[in-house]
Structure formats: C-alpha cells, structure tokens
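> sequence and predicted structure below; questions after.
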Amino acid sequence: MALVFGSEAKLFSQSAEYTMKAVAFEKLSLFITWPANTIKNDPSHEFVIAVLGQNPFGSILNDVYKDKKIKDKRVKIVNVKNIKQLTDCQILFIPKIGRAELQGDLNSIKGRPILIISDTDGFAEAGCFINFYLFENKLRFEINQKGMQDAGFTIDYRLLRVSKILNPTSE
C-alpha cells in the first residue's frame with residue numbers, strides 16, 4: 001500500500017511541477033520581446049511551443065493552451081524527436097539530455113529567434129536561455145542574460161529582478 005500511495009504522490013507532484021512550467025511559458029513571454037520582425041502581427045499565425053525528444057509534459061501543454069493565447073496568438077504544441085525535425089517555433093523546451101547532445105542541438109539552431117528553455121541543472125550555463133528549477137517547493141528560473149541578448153531578445157527588468165541571472169550584462 002505504501003508503495004502505491006508513495007508513487008501516486010510523486011506522480012501528482014511531478015504533474016503539478018510540469019503544469020507550473022507549462023503556465024510559466026505564457027508568463028515569461030509577457031516579459032520577453034523576441035527579435036524584431038520574428039513574431040508576425042498576423043493573428044492567423046500561431047505561437048508554436050516545441051518539445052524536443054521525450055516529452056515530460058504528457059498532455060499538460062495541450063490542456064493548458066487549449067484556450068489560451070501567447071502574444072495574442074493561438075498556441076500550437078509540437079513534439080519533435082530530434083532537432084533536425086524542428087521547423088518554425090517561438091519556444092523550444094529541451095528536457096534532460098546529455099551535454100554533448102545539448103551542444104549539438106544548440107549549434108543547429110544558433111541564430112534562430114527561438115527562446116530555448118530547459119529544466120536541467122547547468123543547461124542555462126551551457127547555452128539555454130532559461131532554466132527552470134525547484135527551490136523550497138517553488139518554481140524558479142535562471143536566465144542566461146548575455147545569451148538572450150546576443151540572440152536579439154529583450155528582457156524586461158521586472159523579470160530579471162525575480163530571476164537568478166547567469167552571464168549578466170551591463171544593460
């Protein structure tokens with residue numbers, strides 16, 4: 001009995017964690033401006049969130065964004081098995097993968113206006129722009145400020161105030 005209830009509690013906890021992360025995509029986008037002319041003003045264009053490889057969200061992203069918009073656009077969720085399948089997206093979530101694989105993936109999309117988010121320790125330092133982590137049962141995030149600015153993103157100071165900043169810039 002204890003094993004069954006213990007595993008259910010962990011599953012519920014993990015589900016709640018990924019629900020918080022899914023909702024955070026929209027909240028973060030309120031304080032981030034993509035590089036000029038990369039998000040089209042045409043409302044018929046969708047805001048695409050891609051998940052690379054094994055999808056830790058399950059159906060959570062689809063459930064959260066069924067009726068929500070990001071940047072006044074309908075949200076489309078896509079899963080891609082490998083980085084070569086990635087087409088157009090505004091957010092790319094990279095789950096836990098090896099460092100070498102991460103570097104190869106980041107090199108493949110370098111220069112594209114994609115907000116790269118992960119939840120793996122050390123990935124913001126390795127080149128992802130935002131990295132989620134849990135601290136005292138609350139969702140927190142690290143921001144690779146220099147990486148984001150080099151890629152053309154603008155970050156609102158209010159987001160920086162509540163973030164752990166890696167590679168800070170003077171701006």
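Noted; the coordinates are in hand. Numbering: from 1, shown residues only.
> can you pull the phi and psi angles for the residue lying closest to N144 once chain neighbours are set aside?
Distances taken as CB to CB, 6 or more residues apart in numbering place A124 nearest to N144, at 4.6 Å, with adjacent residues excluded. The C-beta positions use only the backbone N, C-alpha and C, and glycine is treated the same way. The phi/psi pair for A124 (degrees, to the nearest 10) reads phi -70, psi -40.
> distance check, A124 against D63.
27 Å (CB to CB, to the nearest Å).
> name the residue in the two with the higher neighbour count.
A124 (28 against 13; other CB atoms under 10 Å).
> just the pLDDT for the more buried one.
pLDDT for A124: 91.
> contacting residues around it?
Neighbouring residues of A124 by CB atoms under 8 Å, 6 or more residues apart in numbering: 118, 130-131, 142-144, 147, 166.
> kindly report the same for E17.
With CB under 8 Å, 6+ apart, E17 has these contacts: 134, 139.
> please identify the helix or strand for it.
helix 2-29 (DSSP states H and E).
> check which element follows the lowest-mean-pLDDT helix or strand in the chain along the chain.
Least confident helix or strand, the chain: helix 2-29 with a mean of 69, by mean pLDDT, DSSP states H and E. Using DSSP H and E, the next helix or strand after helix 2-29 towards the C-terminus is strand 32-33.
> other SSEs contacting that next one?
If you count contacts as 3 or more CB pairs under 8 Å, 6 or more residues apart in numbering; DSSP states H and E, strand 32-33 packs onto strand 154-155.
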